[in-house]
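Student: Sharing a model prediction with you, sequence too.
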Amino acid sequence: MAKRKYDYEKYLARSKKLKDFLDMYKNRKATHRAYKLHLVKYFEHLGIKDIDQYIKDTRQLDKKEKIEYLDSIEKDLRKYWMELNKETNGKTPYVWLSAIKMFLIMNKTLELDDVYISLQKSGHGNYAITETKTPTKEELLRIFSYSNPESKALFMFQLTSGQRIEQVVKTTFDNIDMKKDCPRIYYPMAKQKFWVKTRITPEAKKILEEYLEQRDKFIEIRRKRGDYLRKKELDKNRLFCMDKSTANCIWTTMVKNAGLYKLDPNTHKPHYGTHCLRRYFLSHFGDETWGDFFSGHITARNKEYRRYSDERLDNEYTKHVNDLSIFETQPDLSGIHEELTGLQDENKTLNGKLNDLRLQVIELQLKLGKEKEKR
């Protein structure tokens, strides 16, 4: 299927059924956009001009008409599914299948459940298979060299707390206790529908405090930059006044500037997305089970840890603070640099003296040769 531009508004204007369906998802922007994109592509691919005529209420058809109509719909679905799977990877075919399934059900085009199940089972898998990588400390230092105080604090917060980026950007001042050396972070509700208690390192705390001193400046810059697009005011109770997409864009820019941006050839997703910081936490935290607990992985083996006191959690996290240190473990190379510079200067002096000695030896050899000729 060749790439092309689609006039989405034209389709919405021509089809009341499509417009009514998408209106159901107007408060879920990502779903609304995805369903609109996939449905318009599908009907354009089929060459359907009148969507409202094409989609029929199968309850109103007689038996023969119903069978013929459902057979034709199934044929279209299977053909498009095969072509879509050849052209795309990951979740894309399943997003389309979800969109067309919900659209047909809403419009009472029923009795296709076996088709949906069959298509889903014949696909390539529900999840995108991206070759995700965990950066090394050297690569992280390279990426962070392109950060500002805000982005440095944001991503060090994620790296040392082990949280997902969407959880980090939702962090409010109510979620964090900065009085401790390893500040306590508490989320009453996280992705798994459980509360999460985690910490950040003293190094990350210091970076966060430096950012908070300048926070108003960054908020004002972001407010002015997005005033004409923003539909609601920035939530100033958040530590970082941005949404998930903004945080991802900032991280992507840093990775690109560091020369480490690379896409998976199959899924076209970056090897180093913001999730690589969570992976770094999980792979470097000294105790795997405690790492799962602090990152919010709720499993059978760490549910019991939820009964421990905050003091016990402080102690367990503090044991592995050095494992997550990025900047403070870097040695001060200034003295070594000066020493090397001194050695280089001494080397130049010695080379000069050696050259002088060579010249003296040559002169002596010439004198000896002349004396021999006289004799």
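Tutor: Cool, got the structure.
Student: Name the residues of stretch 207-216 that come out as buried.
Tutor: Neighbour counts using 16 or more other C-beta atoms under 10 Å place 207-208, 211, 215 of stretch 207-216 among the buried residues. Using the backbone N, CA and C atoms, a C-beta is placed for each residue, glycine as well.
Student: Take those and lay them out in CSV including distance to Ala258 and pLDDT.
Tutor: Compiled in CSV, the buried residues of stretch 207-216 are given as follows (distance: C-beta to C-beta, whole Å; pLDDT from 0 to 100):
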residue, distance to Ala258, pLDDT
Ile207, 18, 96
Leu208, 22, 96
Tyr211, 20, 95
Arg215, 25, 93
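Student: And the furthest pair within those?
Tutor: Greatest spacing in the buried residues of stretch 207-216, by C-beta to C-beta: Ile207 and Arg215 (12.6 Å).
Student: in the stretch 51-200 of the chain, which spans are helices?
Tutor: Under the criterion DSSP state H, counting those that start in this stretch, helices of the stretch 51-200 of the chain are mapped to 51-54, 63-87, 92-106, 113-121, 137-144, 149-161, 165-169.
Student: The fourth one packs against which elements?
Tutor: So the one you mean is helix 113-121. In terms of contacts (3 or more C-beta pairs under 8 Å, 6 or more residues apart in numbering; DSSP states H and E), helix 113-121 is packed against helix 63-87, helix 92-106.
Student: buried ones in the first one?
Tutor: Buried residues in helix 63-87, counted by 16+ other C-beta under 10 Å: 66, 70, 73, 76-77, 80-81, 84.
Student: likewise the shortest one?
Tutor: By 16+ other C-beta under 10 Å, the buried positions in helix 92-106 come out as 92-104.
Student: neighbouring contacts of it?
Tutor: With contacts defined as C-beta atoms under 8 Å, 6 or more residues apart in numbering, helix 92-106 is touched by 17-18, 20-21, 24, 34-35, 38-39, 41-42, 55, 73, 77, 80-81, 84-85, 110, 112, 116, 119-120, 123-124, 126.
Student: And Cys182, its phi and psi?
Tutor: phi -110, psi 90 (degrees, to the nearest 10).
Student: dump the residue contacts of the residue nearest to it when sequence neighbours are not counted.
Tutor: Distances taken as C-beta to C-beta, 6 or more residues apart in numbering place Arg199 nearest to Cys182, at 4.3 Å, with adjacent residues excluded. With contacts defined as C-beta under 8 Å, 6+ apart, Arg199 is in contact with 160-161, 180, 182-185, 294, 313-314, 317.
Student: Now the buried members of the residues you listed.
Tutor: Among the contacts of Arg199, the ones that count as buried by 16+ other C-beta under 10 Å are 160-161, 180, 182-185, 294, 313, 317.
Student: where exactly do the strands run in the stretch 101-250 of the chain?
Tutor: 176-177, 184-187, 196-199 (DSSP state E, counting those that start in this stretch).
Student: JSON lines for those strands, including distance to Asn148?
Tutor: Below are these laid out as JSON lines (distance: least, C-beta to C-beta, whole Å):
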{"stretch": "strand 176-177", "distance to Asn148": "21"}
{"stretch": "strand 184-187", "distance to Asn148": "22"}
{"stretch": "strand 196-199", "distance to Asn148": "24"}
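Student: Pick the most deeply packed of the ones you listed.
Tutor: Neighbour counts (mean count of other C-beta atoms under 10 Å) averaged over each of the strands of the stretch 101-250 of the chain peak at strand 196-199, with a mean of 23.
Student: quick one: strands adjacent to it?
Tutor: Paired strands of strand 196-199, with direction, are strand 184-187 (antiparallel) (DSSP bridges).
Student: Report the distance from the partner strand to the chain centre.
Tutor: The chain centroid and the centroid of strand 184-187 are separated by 22 Å under C-alpha atoms, centre = their mean, to the nearest Å.
Student: which residues touch that strand?
Tutor: Under C-beta under 8 Å, 6+ apart, the answer for strand 184-187 is 161, 163, 167, 171, 175-177, 195-200, 296, 310, 313-314.
Student: ditto for stretch 306-313
Tutor: By C-beta under 8 Å, 6+ apart, the surrounding residues in contact with stretch 306-313 are 184, 194-195, 197, 199, 293-294, 316.
Student: Quick check: buried residues in it?
Tutor: Buried residues in stretch 306-313, counted by 16+ other C-beta under 10 Å: Leu313.
Student: mind starting the numbering at 343 from now?
Tutor: Done: numbering now begins at 343, and the last item shifts to stretch 648-655.
Student: Straight-line length of it, end to end?
Tutor: Stretch 648-655 has an end-to-end distance of 9 Å (C-alpha to C-alpha, to the nearest Å).
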